[in-house]
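Asks: here's my sequence, what's the structure:
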Amino acid sequence: MASGNYEGYMQRLANAFNPVAAAGVMGRYTISVGWDGTLYDCDFNHMLALPLGFDASQHVRDFDPALLFERRIATRNHCYGCTAGTGSSCGGSIT
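Replies: Numbering: from 1, shown residues only. The predicted structure follows:
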């Protein structure tokens, strides 16, 4: 943002969106748990304090593993970072 490149960078990521990479992001198969038990779709959402949304349990005490793959993932523009090109994860590229 300070360099004035944010808008162009975000546009580039959005243009490189890959639905195959989106199918393999962390939030599809795992969750992140905060120190206080709050549940997040991924580590980035955790750092942004964006908990599981919609009708999913938002705390570990209410977690239902049967609903893990049925929930809608909370997304924002930062999600393009993991779904552009071959994707990105803690283990490297997704595709």
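
Asks: if I look at the most centrally placed residue in the chain, how far off is G27?
Replies: Centroid check for the chain by Cα atoms, centre = their mean gives C42 as the closest residue, at 4.6 Å. Here the distance between C42 and G27 works out to 4 Å (Cβ to Cβ, to the nearest Å). The way it works is simple: take the backbone N, C-alpha and C, and place the C-beta from them, glycine included.

Asks: shared neighbours of the two, anything?
Replies: Any residue near both C42 and G27 by Cβ atoms under 8 Å, 6 or more residues apart in numbering counts here, and that gives I73.

Asks: thinking again about what came up before, ok, the residue nearest to the centre of the chain touching M26?
Replies: Yes - C42 is in contact with M26 according to Cβ atoms under 8 Å; the separation is 4.3 Å.

Asks: overlap in contacts, those two.
Replies: Among the neighbours of C42, those also in contact with M26 (Cβ under 8 Å, 6+ apart) are 32, 82.

Asks: how far does stretch 13-31 sit from its chain's centre?
Replies: Taking Cα atoms, centre = their mean, to the nearest Å, one finds the center of stretch 13-31 at 8 Å from the center of the full chain.
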